[in-house]
Structure formats: C-alpha cells, structure tokens
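Turn this into a model:
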Amino acid sequence: MRRVRAAVTGAPGAPFTVRAADLEDPRAHEVLVRMTAVGVCHTDLGMRDSWPLHLTPMVFGHEGTGRVETVGAEVTGLAPGDHVCLTFASCGICDQCTAGHPAYCRAAQARNLSGGRADGSTPLSLDGTPLRAGFFGQSSFATYAVVHERGVIRVPTDLPDAVAAPLGCSGQTGAGTVLNRLCPEPGASLVVLGAGAVGLSALMAAVAVGCDPVVAVDPVASRRELAIALGAKAALAPGDGLVAALRDLTGGGAHHVVETTGRPQLARRAVGALRPRGDVVLLGLGGEVTFDVMGLLAKGVRVHGVIEGDSDPARFIPELVGLYERGLFPLDKLVTTFPFEDIDAAVAAMGDGGVVKPVLTFT
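Numbers count the residues shown, from 1 in each chain. Just a heads-up that it's a prediction; the model follows:
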C-alpha cells in the first residue's frame with residue numbers, strides 16, 4: 001500500500017479536488033508507475049460531467065507518463081526505472097485484440113470505463129472506502145497509478161514527458177486515424193475540422209505522409225496560425241461558405257475529412273466538402289448525427305467511426321516516437337505545461353481555446 005495524491009471527482013460534474021489516497025501494490029500482471037506528467041483531454045472533462053453517480057468518487061486521467069517503480073510477479077518486458085507512456089486497456093485475447101485492433105477490444109467497457117479493474121475491484125481507496133479508478137486502465141490524475149502491463153509502453157529515456165504523455169490518447173487518436181485507417185496516398189487532399197490536439201495530430205500525420213493540400217478549420221485564430229505553422233496550406237474559420245471554400249481549395253472536394261468536434265452540423269458539412277468516394281472520419285464525442293442518405297449514396301461516401309486511432313499501441317506509439325525524433329510529428333508544439341495542483345487552471349485554459357494540449361507535471 002502506498003500513499004498518493006489524486007485529483008478526485010466527488011460527483012458527476014464536480015470539480016477536481018487534490019486529496020491524499022491509498023494505492024494498492026500491483027498484482028501479478030500490473031505495473032506501479034510514478035507519474036511525471038499527464039495530459040488533460042476533453043474526454044476527461046466530458047466523462048467527468050456524465051459519469052454515473054454510483055461510480056463516484058472517481059479519479060480520471062488517461063494520458064499518463066512516468067517511471068516504472070515496481071512490476072508484478074508475472075510482468076515481462078518492463079523493469080523498474082523504465083520510462084513509459086500509458087495508454088488504454090485491452091484484454092489481448094479477443095478477436096479484435098488478436099487481429100491488431102485492441103481499440104475495439106470486446107472487454108473495452110469493463111477495462112476502461114467501469115471505474116475499476118475488469119473484476120470490479122479498484123486499487124485506490126479514500127479514507128478506507130473504495131475510490132473508483134481504472135479510467136482508460138490507468139486513472140493518471142494521481143502521483144502514482146497501478147496499470148495492467150498491456151497499457152504500459154516503454155519509450156526512450158530522453159523523450160520529453162510533455163511529449164510522451166499525449167501520445168497515449170490524443171496523439172495516437174489523430175495520427176492513427178490518418179496512418180492506420182485512412183492510409184492516404186501522397187498528394188491526397190485532407191481536411192481537419194477542429195484544430196485541437198486530436199485534429200492537429202491528424203494534420204501533422206497527414207503532412208508527414210505527403211498529403212497535399214492539408215486544410216484546417218477552427219474558430220480560434222491562434223489555432224489556425226498553429227495549423228499553418230505545422231504545414232497546413234490553409235486554415236479557415238467555420239463560417240458561411242465553408243463547404244464551397246473547402247471544395248475550391250481541394251480541387252472539387254477533399255479525398256478525406258477528419259471531423260474532431262463532435263458537432264452534428266460540422267459532420268454534415270464534412271460530407272459536403274468531400275469529392276466522390278471520399279472518406280469522412282468522425283472522432284469527436286457527440287450524440288446523434290443525421291445525414292441525407294441520397295447524398296451519401298450519390299457520392300459513394302464512406303463514413304468511419306474511429307477510436308484511439310484504431311491503434312495497436314505497442315506497435316504504433318514507437319512509430320510516433322520515431323516520427324517525433326525525425327521532426328515529422330512535433331507534438332511539443334501543441335503543449336503547455338501546468339503543475340499538477342493547478343489542474344483547474346489547465347482545464348480553464350483549454351476551455352477558452354488559449355491552450356491546445358495542457359499537460360500536468362508532477363514534482
């Protein structure tokens with residue numbers, strides 16, 4: 001048992017409160033990680049606001065990075081002192097996992113969104129009572145986390161923590177959508193709707209593989225400027241005439257559109273911006289979207305839903321590290337760091353659009 005500090009959410013929509021808690025030792029296939037940094041993602045906030053009351057109090061956080069402290073008796077391939085990136089949990093034995101698509105693991109709900117381990121237990125406790133955890137297999141809004149070995153990816157010792165943290169979700173979600181799902185040909189046109197961390201990760205991956213043009217759409221001027229600096233040929237505000245402007249910039253319609261906002265009206269405009277037989281990918285958390293079926297049929301449009309970039313993290317995160325080291329995936333350009341105790345300031349900065357990817361650091 002170890003004493004830790006964790007950002008606890010006491011009820012759905014309640015603010016984060018940093019409190020002392022107790023963390024169990026790792027089980028046979030688990031790893032104890034001392035957190036050095038963790039990204040803040042819109043998913044943390046959206047899930048916090050809609051999280052079931054009976055699964056509170058809860059610790060969120062799913063973009064952790066740190067150093068391995070101890071490993072369980074059956075863990076292989078990891079050792080104390082390893083620099084690691086934490087990512088989502090998967091079982092490793094179902095048909096989706098064995099086919100290389102663990103983001104669609106049959107046990108994903110129990111292992112990522114049940115408020116604990118797959119068996120219903122939680123490694124955290126607060127004043128002697130269970131503290132729900134296991135968010136995306138980690139609950140990394142805490143100074144330490146116990147994580148199943150499948151969610152722990154070793155990264156180079158000299159990789160900056162502020163880069164390693166977002167690789168586990170937003171980085172691989174955006175980049176994986178381009179590199180794992182769309183697999184665009186060089187010269188293909190690609191539009192990103194929403195220039196947050198996921199959208200800009202998709203943009204950087206598209207630029208890296210030679211898409212041309214790459215166009216970003218976002219209402220925040222500073223994010224449009226960043227998109228241009230990262231290689232976009234144009235960056236537009238989502239005003240009237242957007243679809244016509246995108247079709248003009250892409251020579252009659254984009255080959256691919258990546259929609260990251262979760263807003264139904266932008267999803268429909270994404271379809272309008274495509275050329276015949278184009279692809280639209282929906283990444284943003286959202287509700288119901290309606291499409292004109294005849295419009296989809298007439299254009300032969302393919303609509304994809306993608307989570308975690310359809311990534312196999314053990315293979316894909318090292319690929320992203322390689323792109324970063326070659327200067328082709330400059331994830332650090334998206335990051336602003338905050339001390340862990342300033343989590344509320346980080347959330348506010350992301351909410352007003354001033355910060356793309358807040359990363360909390362631990363001292």
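
helix/strand/coil for Val147?
Under DSSP: H, G, I helix; E, B strand; the rest coil, the three-state class of Val147 is strand.

quick one, what contacts the closest residue to it other than its chain neighbours?
Counting by C-beta to C-beta, 6 or more residues apart in numbering, Val147 lies nearest to Gln138, which is 5.0 Å off, once chain neighbours are set aside. Heads up, the C-betas are built off the backbone N, CA and C, glycines and all. Applying C-beta atoms under 8 Å, 6 or more residues apart in numbering, we find Gln138 in contact with Gly61, His62, Gly64, Leu86, Ala89, Ala145, Val147, Gly151.

Filter the residues you listed down to the ones in strands?
In strands, defined here by DSSP state E, the members of the contacts of Gln138 are Gly64, Leu86, Ala145, Val147.

Val258 looks like it's in a strand, true?
Yes - using three-state DSSP, the assignment for Val258 is a strand.

What residues are bridge-paired with it?
Beta-bridge partners for Val258, by DSSP bridges, are Val192, Val281.

of all the contacts of Gln138, which two lie farthest apart?
Comparing every pair within the contacts of Gln138 by C-beta to C-beta identifies Gly61 and Ala89 as the most remote, at 13.5 Å.

related to what we said a few turns ago, from the contacts of Gln138, which is closest to Gly322?
Leu86 (19.2 Å).

Find the nearest non-adjacent residue to the closest one, please.
Excluding its sequence neighbours, the residue lying closest to Leu86 (C-beta to C-beta, 6+ apart) is Gly64, at 4.0 Å.

wait, isn't that neighbour in contact with Val31?
No - with contacts counted by C-beta atoms under 8 Å, Gly64 stays clear of Val31, the gap being 11.4 Å.

Quick one: the strands in the stretch 1-150 of the chain, in order.
2-9, 16-23, 30-39, 58-59, 64-71, 83-86, 124-126, 129-131, 144-148 (DSSP state E, counting those that start in this stretch).

possible to save the ones you listed as JSON lines with mean pLDDT?
Putting the strands of the stretch 1-150 of the chain into JSON lines (pLDDT from 0 to 100) gives the following:
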{"stretch": "strand 2-9", "mean pLDDT": "97"}
{"stretch": "strand 16-23", "mean pLDDT": "97"}
{"stretch": "strand 30-39", "mean pLDDT": "98"}
{"stretch": "strand 58-59", "mean pLDDT": "98"}
{"stretch": "strand 64-71", "mean pLDDT": "98"}
{"stretch": "strand 83-86", "mean pLDDT": "98"}
{"stretch": "strand 124-126", "mean pLDDT": "97"}
{"stretch": "strand 129-131", "mean pLDDT": "97"}
{"stretch": "strand 144-148", "mean pLDDT": "98"}
